[in-house]
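Colleague: my questions are about this predicted structure, shown below with the sequence.
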Amino acid sequence: MTHPHRAPVLPGEQADLFPQEPARGSDLQEGDTGALDALFGRLSRSAFRARFTLDAKERAYALTKGRDALRRHAGDFIAKRLAPAQPANDGKQTPMRGHPVFVAQHATATCCRGCLAKWHGMEPGRSLSEAEQLYVVEVVMAWITRDLETQR
């Protein structure tokens, strides 16, 4: 079963965390966060996923670098470590800490192809499409924004 791969738009009230860039998404209507809410609801019921939060250094890094840089980093990490049909060291390619994107990937089950298959319905053994990569980046960015908002 394939996930609909609709990229979420971050809620407007959270946009002030990254004031240099407005919230944006790919094919979702403005303010349509239902798919994200459902995903994050499911993830919150996993004790492993729910334990992730940004530490002080990762939070400071995210706020200092800003949304544009984090989005670029997420896109690069996803393209190199997750998008190939057979990623190197699959299941171990994403560090647990050290960068906000890594933490978000574990929290959102976008850390390896096995988690992508289980939680997001993206079949392993094939390269991720551009739309799927964008979806993963949007999920990661939405989680980072939500985590920063809850730590205010």
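Modeller: Looks like it came in fine.

Colleague: what does the helix or strand hosting His106 contact?
Modeller: Per DSSP states H and E: His106 is located in helix 100-107. Outside helix 100-107, the residues within contact range by CB atoms under 8 Å, 6 or more residues apart in numbering are 43, 49-50, 52-54, 58-59, 61-62, 70, 73-74, 77, 94-97, 110-111, 140-141, 143-144, 147. Quick note: C-beta positions are derived from backbone N, CA and C, even for glycine.

Colleague: quick one: buried residues of the longest helix along the chain?
Modeller: Counting by DSSP state H, the longest helix found in the chain is helix 56-81. For helix 56-81, a neighbour-count test (16 or more other CB atoms under 10 Å) marks 58-59, 61-62, 65, 67, 70-71, 73-75, 77-78, 81 as buried.

Colleague: against which helices or strands is it packed?
Modeller: helix 100-107, helix 130-150 (3 or more CB pairs under 8 Å, 6 or more residues apart in numbering; DSSP states H and E).

Colleague: make JSON lines from those helices and add mean pLDDT and distance to Asp90 to it.
Modeller: Output for the helices and strands packed on helix 56-81, formatted as JSON lines (pLDDT from 0 to 100; distance: least, CB to CB, whole Å):
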{"stretch": "helix 100-107", "mean pLDDT": "96", "distance to Asp90": "13"}
{"stretch": "helix 130-150", "mean pLDDT": "95", "distance to Asp90": "15"}
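
Colleague: most packed of those helices?
Modeller: Ranked by mean neighbour count, the helices and strands packed on helix 56-81 are led by helix 100-107 with a mean of 25 (mean count of other CB atoms under 10 Å).

Colleague: and after that helix, which helix or strand comes next?
Modeller: helix 113-120.

Colleague: roughly how far out does stretch 108-118 sit from the chain middle?
Modeller: Chain-centre distance of stretch 108-118: 11 Å, with CA atoms, centre = their mean, to the nearest Å.
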